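Visitor: The following comprises the amino acid sequence and a computationally predicted model.
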2 protein chains.
Amino acid sequence: MNKPQRTLRATTITMAHGAGGKAMRDLIEDVFVGTFANPDLAQLEDQARFDLAELMQSGARLAFTTDSYVVDPVEFPGGDIGSLAVNGTVNDIAVSGAIPKYLSCGMILEEGLDVALLRRVVTSMKEAADKAGVTIVTGDTKVVPKGKGDKIFINTSGIGVIPEGVDISASNCRVGDKIIVNGLIGDHGAAILNARGDLALDVELETDCQALNELVQTMLKVCPQVHAIRDASRGGVATVLCEFAESSGVSIRLQEEQIPVRETVRGVCEILGLDALYFANEGKLVASVPADSADAVLDAMRAHPAGKDAAIIGEVIESKYNRVLVKTHFGGERILDMLVGEQLPRIC
Amino acid sequence: MNKPQRTLRATTITMAHGAGGKAMRDLIEDVFVGTFANPDLAQLEDQARFDLAELMQSGARLAFTTDSYVVDPVEFPGGDIGSLAVNGTVNDIAVSGAIPKYLSCGMILEEGLDVALLRRVVTSMKEAADKAGVTIVTGDTKVVPKGKGDKIFINTSGIGVIPEGVDISASNCRVGDKIIVNGLIGDHGAAILNARGDLALDVELETDCQALNELVQTMLKVCPQVHAIRDASRGGVATVLCEFAESSGVSIRLQEEQIPVRETVRGVCEILGLDALYFANEGKLVASVPADSADAVLDAMRAHPAGKDAAIIGEVIESKYNRVLVKTHFGGERILDMLVGEQLPRIC
């Protein structure tokens, strides 16, 4: 079928763009289908349909995930809500060891939104999707009255294929495992904080927003038995480690001086009395790797652009308390608890 | 793994419930995992993982869809945003002929939300999911500051399996096909309008919100070659028919006296000067069925609770204009165009 390609002439979003009629079709065909440009989406059916048979070799499983993005501001140094929505969901799939394949895109737009901003965000989604090797195959658009939303909220759900034999889980950490991060932590949280202008700091801080699926596959090639991987988004590296400890029934001890933190981020933390271990990341993973493979995994990660600053930051230890401990620069030890209350709202 | 079951003691939602830490875990484990209660979700991994091998017989395909729900009010006669979010996405999968299997649940909550209301909505989702035979396997929760959202927005994405040989598409309508609806149209739109209290009418109007997956399978059993099916949500039956006409390159002629509309809904329409054909439904489908199977399909539909008021309302005709025409009670004919502008915002 040849679909007529509609054009959106409006410069701001009105309620009609969410009403299911002509205005919505103009918006969808021009801005979304026009940008995401793939045959699955162009069908404009209410659901995408695809054949996974070639991927679903015997023993393979599907991974399915969802995330809503409400970050404020919508655009920030190094990214925007669009690249965040694609990479965040790609990463949630990737850390299961799955190869991400298909994404959905559910938009909640606020009446009065600047269409030029929407176009930039959608283009950014397309670029991030291409880079990560995923296709945005289905979508939905709602518009809420001014003051009942905040510019753009995006939900992306995603599907990936977990190869046979891969079994990565937060509950798989074993005593002796090395804890690895793939680079400098806290960049996203610090960048958002700075972009809001509240700090009035004259520093350059960029989000670390990036897809991690290639990096995870690189790690699995070297060590198919990686025990646990999670991306450290909201709640930061500390929260992931607390989840590892609780789910696996182990403790974890970090060496503070081995945790890679950018100087400017460290500065922001010192000024605010915050801990970069709780800062959100959008392109950082934490892995629990069997000790005898840890160096090989680390070398492979460092050879990949998304892991060039990877570091071993601690290890899994035996303890009846299922806690995360940090050995400080000064030789002391402190407990890293799960985040209590809010550190920084609307970080993703 | 035994996970400690956390309890949410708060009575209103605060920003901390979206911050990725302890408060959010309490909310998720108590309200979501506690209610949806299934082993996939209880893993609390960042993605659900499942084996489709037994379903993916040779030739089967996957259907994948997404929808965000922003209905106002959140609770209304006959349903709430939760049952709507489950049935709406189930129906978007079902109308492809697929058997819906797995749903995601992405929540955007407004700071200050009453937790009791949230619990009712989540319980309603669980009940709707059980009834439709789907499992909510993965989720995400964000909280936005008061005034940046409106109580609850829900995104549900869904996965289903399309059996081999099924090929239902809006572009498959053929001249001679009969157009069938499964019952009284416009109930959801009228119920929401009434629930907002603007009409001050003393009538009882309930949403028609229901899952249609069983009904679609019933239809396919009688006639595996049903050409097109769509659920008539936003934009109503009229919009679906305009999409059929445009995608298939045909025209459609309806017989006004055969369109089933409840008396109270007809009354609301007359008062407001609106057309029930544009009213939203949440449990109504429109199908284009080969003429020689139409009566058998109709009988099968009427034997199912979700289709007891099913009716043939028109047929696909040849015409170069790809239009939808309505033959009126008085013998005249009018053109039914796609909805222009907004009829009723936040209907779903």
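Guide: Received, thanks.

Visitor: Identify the residues contacting the host helix or strand of residue A:334?
Guide: Under the assignment given by DSSP states H and E, the secondary-structure element containing residue A:334 is strand A:333-336. Residues lying outside strand A:333-336 but in contact with it, judged by Cβ atoms under 8 Å, 6 or more residues apart in numbering or on different chains, are A:238, A:241, A:242, A:253, A:254, A:277, A:323, A:324, A:325, A:326, A:327, A:328. All C-beta spots, glycine's among them, are computed from the backbone N, C-alpha and C.

Visitor: Which of these fall in helices?
Guide: Residues of the contacts of strand A:333-336 located in helices (DSSP state H): A:238, A:241, A:242.

Visitor: picking that back up, which pair of the contacts of strand A:333-336 spans the longest distance?
Guide: By the measure Cβ to Cβ, those have their two most distant members at A:242 and A:328, which lie 17.9 Å apart.

Visitor: Please say which of the two ends up with more neighbours.
Guide: More neighbours sit around residue A:242 than around the other of residue A:242 and residue A:328, counting by other Cβ atoms under 10 Å in any protein chain shown; the figures are 23 against 13.

Visitor: which one is that one nearest to, not counting chain neighbours?
Guide: Of all residues not flanking residue A:242 in the chain, residue A:338 sits nearest, at 4.4 Å (Cβ to Cβ, 6 or more residues apart in numbering or on different chains).

Visitor: In three-state terms, label that neighbour for me.
Guide: Using DSSP: H, G, I helix; E, B strand; the rest coil as the criterion, the local structure at residue A:338 reads coil.

Visitor: so who does it touch?
Guide: For residue A:338, the residues meeting the contact criterion (Cβ under 8 Å, 6+ apart) are A:235, A:238, A:239, A:242, B:21, B:22, B:25.

Visitor: how many neighbours does the first one have?
Guide: When neighbours are counted by other Cβ under 10 Å, residue A:235 registers 25.

Visitor: give the contact list for it.
Guide: Taking Cβ under 8 Å, 6+ apart as the contact definition, residue A:235 lies against A:278, A:280, A:338, A:339, B:19, B:20, B:21.

Visitor: Just the pLDDT at the third one, thanks.
Guide: Reported pLDDT at residue A:338 in the predicted model: 82.

Visitor: and the strand holding residue A:334, how far out from the chain's middle?
Guide: 27 Å (Cα atoms, centre = their mean, to the nearest Å).

Visitor: most centrally placed residue in chain A?
Guide: Most central in chain A under Cα atoms, centre = their mean is residue A:88, positioned 2.3 Å from the mean C-alpha point.

Visitor: any idea which helix or strand carries that one?
Guide: Per DSSP H and E: residue A:88 is located in helix A:81-94.

Visitor: got the angle between the following helix or strand past that helix and helix A:81-94?
Guide: Next in sequence after helix A:81-94, counting helices and strands by DSSP H and E, comes strand A:99-110. For strand A:99-110 and helix A:81-94, the angle between their directions (axes from the mean of the first three to the mean of the last three Cα atoms, to 10 degrees) works out to 140 degrees.

Visitor: quick one on the thing from earlier: do the helix holding residue A:88 and chain B meet?
Guide: Yes: judged by Cβ under 8 Å from any Cβ of the partner chain, helix A:81-94 and chain B are in contact via A:92, A:93.

Visitor: Which other helices and strands does that helix contact?
Guide: In terms of contacts (3 or more Cβ pairs under 8 Å, 6 or more residues apart in numbering or on different chains; DSSP states H and E), helix A:81-94 is packed against strand A:61-69, strand A:99-110, helix A:115-132, strand A:152-162, helix A:213-222, strand A:228-231.

Visitor: partners of the shortest one in the sheet?
Guide: Strands that pair with strand A:228-231, judged by DSSP bridges, come out as strand A:285-289 (antiparallel).

Visitor: Over to the first one?
Guide: For strand A:61-69, sheet partners with direction are given as strand A:152-162 (antiparallel), strand B:48-50 (antiparallel), following DSSP bridges.

Visitor: Out of the ones you listed, which is the most enclosed?
Guide: Counting by mean count of other Cβ atoms under 10 Å in any protein chain shown, strand A:152-162 has the highest mean neighbour count of the strands paired with strand A:61-69, with a mean of 28.

Visitor: Give the next helix or strand downstream of that strand.
Guide: The C-terminal neighbour of strand A:152-162 among helices and strands, as given by DSSP H and E, is strand A:178-181.

Visitor: Relative to the whole chain's centre, how far out is stretch A:128-142?
Guide: Taking Cα atoms, centre = their mean, the mean C-alpha location of stretch A:128-142 is offset from the chain mean by 14 Å.

Visitor: Could you tell me the end-to-end distance of it?
Guide: Across its full length, stretch A:128-142 reaches 23 Å end to end, with Cα to Cα, to the nearest Å as the criterion.

Visitor: Contacts only, for residue A:117.
Guide: Counting by Cβ under 8 Å, 6+ apart, the residues that residue A:117 touches are A:74, A:75, A:151, A:152.

Visitor: so what's residue A:37 closest to, chain neighbours aside?
Guide: Counting by Cβ to Cβ, 6+ apart, the nearest residue to residue A:37 once its immediate chain neighbours are dropped is residue A:126, at 7.4 Å.

Visitor: what residues are up against that neighbour?
Guide: A:35, A:36, A:37, A:136.

Visitor: list the buried ones in the helix holding residue A:88?
Guide: Of all the residues in helix A:81-94, those buried under the rule 16 or more other Cβ atoms under 10 Å in any protein chain shown are A:81-94.

Visitor: out of those residues, who's nearest chain B?
Guide: Within the buried residues of helix A:81-94, proximity to chain B (Cβ to the nearest Cβ) peaks at residue A:92, which comes in at 4.4 Å.

Visitor: what's the spacing between that closest one and residue A:209?
Guide: The span separating residue A:92 from residue A:209 equals 14 Å under the rule Cβ to Cβ, to the nearest Å.

Visitor: Same question for residue A:126.
Guide: Separation of residue A:126 from residue A:209 (Cβ to Cβ): 15 Å.

Visitor: Give me the sheet partners of the strand holding residue A:334 and which way each runs.
Guide: Sheet partners by DSSP bridges: for strand A:333-336, these are strand A:324-327 (antiparallel).

Visitor: Any stretches of the stretch 51-200 of chain A with poor pLDDT?
Guide: Flagging of the stretch 51-200 of chain A using pLDDT under 70 yields the residue ranges A:51-58.

Visitor: Quick check: residue A:294 touching residue A:311?
Guide: No: under the criterion of Cβ atoms under 8 Å, residue A:294 is not in contact with residue A:311, lying 11.0 Å apart.

Visitor: Identify the contacts common to the two.
Guide: Counting by Cβ under 8 Å, 6+ apart, the shared contacts of residue A:294 and residue A:311 are residue A:180.

Visitor: hmm, back to that, most neighbours, which of the contacts of residue A:235?
Guide: For the contacts of residue A:235, neighbours were counted using other Cβ under 10 Å, and residue A:280 has the most, 30 neighbours in all.

Visitor: Rounded mean pLDDT for stretch A:210-225, please.
Guide: Per-residue scores along stretch A:210-225 average to 97.

Visitor: got the residues of the stretch 101-250 of chain A near chain B?
Guide: If contact is defined as Cβ under 8 Å from any Cβ, the residues of the stretch 101-250 of chain A in contact with chain B are A:102, A:104-108, A:137-140, A:142-145, A:147-150, A:153, A:155, A:157-160, A:162, A:169-171, A:230-231, A:233-236, A:239, A:243, A:246-247, A:249.

Visitor: Are any of those buried, and if so which?
Guide: When these are checked for burial by 16+ other Cβ under 10 Å, the buried set is A:102, A:104-108, A:137-140, A:142-145, A:148-150, A:153, A:155, A:157-160, A:162, A:169-171, A:230-231, A:233-236, A:239, A:243, A:246-247.
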